[in-house]
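J.: Show me the folded form of this:
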Amino acid sequence: MIPKTNNPVRQTVERINQPSQEREKEKYVVGVFDSIANAYDLMNSLMSFGLHRYWRKYAVRRLGVFSGATVLDGCTGTAEFALASARAAGPKGRVIGFDFSAGMLKYGKPKLNRRANEAPISLQQANALSLPYKTAQFDFVTVGCGIRNLADIDQGLREVCRVLKPGGKFACLDLGRPVIPIYSQLYYFFFFYVVPLIGKLVASQYEAYSYLPHSLATFPKQEELQAKMQQAGFKNVHYVNLAEGAMALHIGEKSAA
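T.: The predicted structure is shown next:
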């Protein structure tokens, strides 16, 4: 069970997740990610024990990104997911990564020195709730640890479905709920109490790394997110638990009809 703490960040997260607080949540989330952008990659490695790179590669493989594909990476952050897709899409493909945080994009852009066997990547600042892309534009959409931070998850999922081509696929890689009781207790202790301390030591950002675990408290469980994807218009929705459910990969397909 997710621990109930008296951390003021928890109270803030619960308040900004109210339907009437959409703009406040967007502003808060942008501030959080702008503040941790310089240490984001290092902290991801520390928090996941280096597994985050494997999870992204696995997601791209399960999604079936093919040579020449057009891929949209939502909430791209420092572009790690976009880079994984670019390798699979090859030189004839195209990858666009977007994020609400200009700070995160700043640290992603230096990574875009294109290799001959990879698709070109462009990074853009955009809002996931109102995407500046044409309907049925992309073969694949990926979002890594981003859906959880949207002010309106349902609207974000509908936008993903809209920009996908008929038959296109969506992969959502995000935090889940561990399925083994003893492991879940250790996981929650690490995530809620140790991670903020690591964030303070490495990035001087205790509050920001308190937000990350507390954002899980209001995020749908694996089965609930699966249902939301179905309601947004996806079919054949399924998920795979990674790290015994600490992370979950959801995949859905846009109807070809």
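J.: all helices of the stretch 101-250 of the chain, in order?
T.: Secondary structure of the stretch 101-250 of the chain by DSSP state H, counting those that start in this stretch: the helices cover 102-108, 153-163, 181-189, 195-203, 206-216, 222-231.
J.: Show me the shaky parts of this protein.
T.: For the chain, residues meeting the criterion pLDDT under 70 lie at 1-8, 20, 114, 257.
J.: Now the nearest residue in space to G97 that is not next to it in sequence: phi and psi?
T.: What sits nearest to G97 in space, not counting adjacent residues and going by CB to CB, 6 or more residues apart in numbering, is T76, at 3.2 Å. All C-beta spots, glycine's among them, are computed from the backbone N, C-alpha and C. T76 has phi and psi values of phi -70, psi -20 when expressed as degrees, to the nearest 10.
J.: Extract the CA atoms of stretch 118-130 and return them as CSV.
T.: Taking C-alpha atoms only, stretch 118-130 is exported to CSV below (Å, rounded to 0.1, in the frame of the first residue of the first chain):
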residue,chain,number,x,y,z
GLU,A,118,19.4,6.4,-37.1
ALA,A,119,16.3,8.5,-37.9
PRO,A,120,16.6,12.3,-37.6
ILE,A,121,15.1,13.7,-34.4
SER,A,122,13.5,17.1,-33.8
LEU,A,123,12.5,18.4,-30.4
GLN,A,124,9.6,20.8,-29.9
GLN,A,125,7.9,22.4,-26.9
ALA,A,126,4.3,21.5,-26.9
ASN,A,127,1.3,20.7,-24.6
ALA,A,128,0.2,17.1,-24.6
LEU,A,129,-3.4,18.1,-24.1
SER,A,130,-3.5,20.0,-27.3
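J.: Make CSV from the helices of the stretch 101-250 of the chain and add mean neighbour count to it.
T.: Listed next are those as CSV, based on neighbours: other CB atoms under 10 Å:
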stretch, mean neighbour count
helix 102-108, 19
helix 153-163, 20
helix 181-189, 13
helix 195-203, 17
helix 206-216, 22
helix 222-231, 17
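J.: closest to L249 out of these?
T.: In terms of CB to CB, the element of the helices of the stretch 101-250 of the chain nearest to L249 is helix 222-231, at 9.8 Å.
J.: chain center to the closest one, what's the gap?
T.: Once both centres are worked out by CA atoms, centre = their mean, to the nearest Å, helix 222-231 turns out to sit 16 Å from its chain's centre.
J.: my guess is Y183 meets E244, correct?
T.: Yes: here Y183 reaches E244: they are 5.4 Å apart, a contact under CB atoms under 8 Å.
J.: Contact partners for R62?
T.: A171, V240, L249, I251 (CB atoms under 8 Å, 6 or more residues apart in numbering).
J.: I16: neighbouring residues, count only.
T.: Using other CB atoms under 10 Å, I16 is surrounded by 21 other residues.
J.: The closest residue to it other than its chain neighbours is in what secondary structure piece?
T.: Of all residues not flanking I16 in the chain, K25 sits nearest, at 4.0 Å (CB to CB, 6+ apart). Element membership for K25, per DSSP states H and E: helix 22-36.
J.: For E253, give its distance to G74.
T.: 17 Å (CB to CB, to the nearest Å).
J.: OK, contacts around the residue nearest to I16?
T.: By CB under 8 Å, 6+ apart, the contact set of K25 is I16, N17, A151.
J.: what do you get for A256?
T.: Shown in contact with A256 (CB under 8 Å, 6+ apart): P166, G167.
J.: Regarding it, what is its secondary structure?
T.: Secondary structure state of A256, per DSSP: H, G, I helix; E, B strand; the rest coil, is coil.
J.: Please compute how far the strand or helix carrying Y54 lies from its chain's middle.
T.: Here Y54 sits within helix 52-63, counting by DSSP H and E. Its chain's C-alpha centre and that of helix 52-63 lie 13 Å apart, by CA atoms, centre = their mean.
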